[in-house]
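>>> okay, predicted coordinates and the sequence, questions at the end:
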Amino acid sequence: MLGPGVNLARVPWCGRLYEYLGEDPVLAGALVAAIIRGVQSNNVSACVKHYLANSQEFSRNNMDALISDRALHELYYPAYERAIDAGVGSFMVAVNAINHEENSASTATLSHIFETAGFQGFCMTDWAGINLPNASAAAWAGTSVEMPRGYQYQYLPQFIANGSVPLTVIDTLVTRVLTAAAGVGLLDTPAQPAQRNVNSIVSSDAHTRLARRVAEESAVLLKNDVIGGSPVLPIDPHTVKSILVLGDETTVVGCGSGQVQLPYVVTPQEGIYRFFNGNASRPVNCTLFPDVDFFQDGARCVTVSDIAACCELCTHTDGCNAWTLVPNANCPGQPMPQPSGQCFLKPDTRGRTAHPGLTSGTCAPLPPGPVPITYNVGNDSAIVASLAAQADLVVAVVTPGQGCEGADRTNLSLPDWQNSMVAAAAAANARTVVVTRCAGACLMPWIGAVPAVVQHAFAGQEAGTAIANVLFGVVNPSGKLALSFPVKETDTWIQQQPQQYPGVLQDGFYQVEYSEELLVGYRWFDAKSIQPLFPFGFGLSYSTFAFDTLNVTGVVSSTSVTTIEFNVCNTAGPSGAEVAQLYISHPAAAGEPPRVLRDFTKVALGPDACEHVMFTLSVDDVRIWTGSWTVVPGQYGVHIGPSSSDLPLSGSFSVVA
């Protein structure tokens with residue numbers, strides 16, 4: 001599996017942030033290790049990517065990341081090292097250069113994983129990741145596989161023949177591939193091609209439940225004001241007379257090689273409808289569009305007998321609202337006696353094009369329920385204001401669009417029409433709840449006008465069900481932000497300087513200077529005393545949590561550790577979960593950011609319950625890179641709390657060299 005991706009969120013506009021794991025190496029390292037262990041427990045080899053410093057999509061193929069040795073060791077190597085600790089089978093080597101060396105041929109960065117970190121698997125390139133002058137150097141450096149085919153490695157026999165690449169190097173490259181295969185049991189498992197139909201439908205009810213749980217637990221409650229003596233969320237469903245849903249319906253995955261081809265998508269409107277009405281069925285009555293295709297790459301294909309069967313199938317499939325029938329064709333692996341056709345199931349009518357011979361259709365709407373639920377796209381502020389004024393509750397869903405491979409966002413703003421939509425709805429209805437679907441950070445110019453905001457990123461096929469369960473209190477949100485949200489564009493560490501992003505073109509490469517050094521994300525905001533809109537690690541709950549009774553014991557040395565103990569209590573509200581976060585501060589002589597994350601744990605607590613939490617700190621947690629790992633002796637700070645800017649418990653400990 002070509003994942004997980006673990007590049008740090010250095011560029012707030014990076015198009016692939018939806019694939020990556022945040023702005024902090026400790027967080028990213030913990031997450032990537034857990035993903036790898038889960039994937040490989042199923043005899044599938046994981047491939048961590050994109051090594052190294054593929055922090056932007058703009059000109060990634062001709063970008064040269066200029067990074068200090070200290071930043072490499074303290075920020076950019078650690079998550080990949082945790083991947084190695086978890087036993088990852090392979091690395092995907094990025095297409096960009098780093099410090100004037102092509103990644104696939106960089107002896108410095110590849111020797112770090114092979115020799116320093118002890119990686120036993122193999123390296124493959126990202127697509128077209130080797131330039132011909134570097135083909136032999138890539139082999140020497142340790143790149144085993146050129147993807148997607150041997151554009152430059154086709155010359156390896158020639159290099160072997162002329163002695164520039166000896167067979168001992170080839171043996172090592174092949175051995176690494178076999179080692180990765182053996183690590184997940186592939187060499188012990190007989191091939192069974194008949195059981196490997198890639199067109200098989202393998203989704204199950206268990207998969208659906210897991211997708212819903214992931215979507216529920218990833219919801220981050222950013223704002224929840226009190227109106228009339230009570231928080232706006234959760235909403236008591238018994239008090240709601242009518243609901244208006246505005247904005248985005250189906251932006252729940254990114255695009256590019258990290259895109260997931262979903263079997264269906266539950267829209268917010270549908271999720272809320274089913275919350276109130278259960279699995280009410282739609283009438284089988286489709287509107288037909290002859291000679292039209294709703295083309296959506298990767299749409300699920302089912303072989304059916306005719307147009308009526310395709311209409312009925314879509315109508316009875318959750319998340320399917322539109323379809324296209326290709327006549328006289330079977331879906332791969334699904335034979336059916338003629339006549340038959342390929343029925344492609346789709347969440348909406350995107351991709352509408354003229355296509356003679358095809359027939360597309362849309363399903364009938366859901367029947368009315370006891371609570372009227374109206375949907376409007378929201379691109380006309382006057383209509384939004386009128387509809388919002390008539391509704392008891394407004395749910396506005398906003399997104400800057402899909403994050404995408406090959407292109408960065410141009411800014412952190414939402415589309416103007418969406419900002420106008422939220423402003424118009426909030427002005428007309430005080431009970432306007434905003435759901436943001438932002439792969440990275442988003443600017444929120446309307447934040448003071450709305451009482452509640454939930455960040456739901458790209459939550460997948462069950463997003464609509466999950467957001468309904470969060471809004472109406474079936475689920476108590478417990479998600480935390482993996483990156484900081486700035487108030488305005490110029491607040492970030494990328495200071496509108498082309499040297500930092502997108503780079504300065506020189507000798508065919510965009511030279512990108514990582515001049516912010518260690519000050520990425522919350523480290524920048526803390527160092528510059530800039531208040532973010534929402535800080536790293538932030539996320540509210542319907543419960544109220546308290547941290548108390550901090551006890552710090554022990555000294556950090558080469559033979560001893562410091563132990564940090566404290567309590568987390570659920571002091572009000574329903575059962576919920578809090579993420580306790582441990583940050584440390586170094587002595588000034590170390591030259592570190594004000595605080596850095598060193599550990600975290602999620603604590604589930606019932607009403608009025610407390611849990612005792614313990615962390616330990618070792619030499620590895622306090623060392624800094626000065627050409628080698630160095631420990632600065634002295635007094636260190638320890639800070640505990642629910643986010644990087646809310647740390648109610650503070651203490652200190654000693655470090656001796």
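Done, it's in.
>>> ok, so what distance separates residue 51 from residue 124?
As judged by CB to CB, to the nearest Å, residue 51 and residue 124 stand 10 Å apart. Any C-beta I mention is one placed from the backbone N, CA and C, and that applies to glycine too.
>>> more neighbours: which of those two?
The residue with the greater number of neighbours, taking residue 51 and residue 124 and applying other CB atoms under 10 Å, is residue 51; the counts read 28 against 22.
>>> just to revisit the earlier point, can you list residues touching both of residue 51 and residue 124?
When contacts are counted by CB atoms under 8 Å, 6 or more residues apart in numbering, the set common to residue 51 and residue 124 consists of 91, 92, 93.
>>> tell me the one of these nearest residue 383?
Closest to residue 383 out of the shared contacts of residue 51 and residue 124 is residue 92 (47.0 Å), distances taken as CB to CB.
>>> the closest one against residue 47, yeah?
Yes. In terms of CB atoms under 8 Å, residue 92 counts as a neighbour of residue 47; the distance is 5.2 Å.
>>> what's the overlap in contacts for the two?
2, 124.
>>> chain center to the worst-scoring helix or strand of the chain on mean pLDDT: distance?
Counting by mean pLDDT, DSSP states H and E, the weakest-scoring helix or strand in the chain turns out to be strand 300-304, with a mean of 88. Shown here is strand 300-304, whose average C-alpha point lies 30 Å from the average C-alpha point of the whole chain (CA atoms, centre = their mean, to the nearest Å).
>>> elements contacting the next helix or strand along the chain from it?
Toward the C-terminus, strand 300-304 is succeeded by helix 307-315 as the next helix or strand (DSSP states H and E). With contacts defined as 3 or more CB pairs under 8 Å, 6 or more residues apart in numbering; DSSP states H and E, the secondary structure elements packing on helix 307-315 are strand 300-304, strand 322-327, strand 341-346, strand 352-362.
>>> contacts for helix 307-315 next, please.
Counting by CB under 8 Å, 6+ apart, helix 307-315 makes contact with 281-284, 286, 288, 302, 304, 320-323, 325, 341, 343, 345, 359, 361, 363-364, all of which sit outside it.
>>> next: stretch 157-173.
Counting by CB under 8 Å, 6+ apart, stretch 157-173 makes contact with 122, 135, 136, 139, 140, 142, 143, 144, 156, all of which sit outside it.
>>> contacts only, for the closest residue to residue 231 other than its chain neighbours.
Sequence neighbours aside, residue 224 is the residue nearest to residue 231 in space, at 4.8 Å (criterion: CB to CB, 6 or more residues apart in numbering). With contacts defined as CB under 8 Å, 6+ apart, the neighbours of residue 224 are 231, 232, 233, 451, 452, 540, 542.
>>> the third one: what secondary structure?
Reducing the assignment to helix, strand or coil with DSSP: H, G, I helix; E, B strand; the rest coil, the entry for residue 233 is coil.
>>> ok, it - how many residues close by?
Per other CB under 10 Å, the neighbour tally for residue 233 reads 21.
>>> verify the contact between it and residue 474 for me.
No. Taking contacts as CB under 8 Å, residue 233 lies outside contact range of residue 474: 11.9 Å.
>>> which residue ranges of the stretch 201-350 of the chain form strands?
With DSSP state E, counting those that start in this stretch, the ranges of strands along the stretch 201-350 of the chain come out as 220-224, 226-227, 230-231, 243-247, 287-294, 300-304, 322-327, 341-346.
>>> wait, residue 577 sits on residue 602?
Yes. The pair residue 577 and residue 602 passes the contact test of CB under 8 Å, sitting 5.6 Å apart.
>>> shared neighbours of these two, anything?
Between them, residue 577 and residue 602 share these contacting residues under CB under 8 Å, 6+ apart: residue 478.
>>> tabulate the strands of the stretch 201-350 of the chain (JSON lines), appending distance to residue 611.
As requested, the strands of the stretch 201-350 of the chain are exported to JSON lines (distance: least, CB to CB, whole Å):
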{"stretch": "strand 220-224", "distance to residue 611": "21"}
{"stretch": "strand 226-227", "distance to residue 611": "27"}
{"stretch": "strand 230-231", "distance to residue 611": "24"}
{"stretch": "strand 243-247", "distance to residue 611": "37"}
{"stretch": "strand 287-294", "distance to residue 611": "51"}
{"stretch": "strand 300-304", "distance to residue 611": "43"}
{"stretch": "strand 322-327", "distance to residue 611": "48"}
{"stretch": "strand 341-346", "distance to residue 611": "45"}
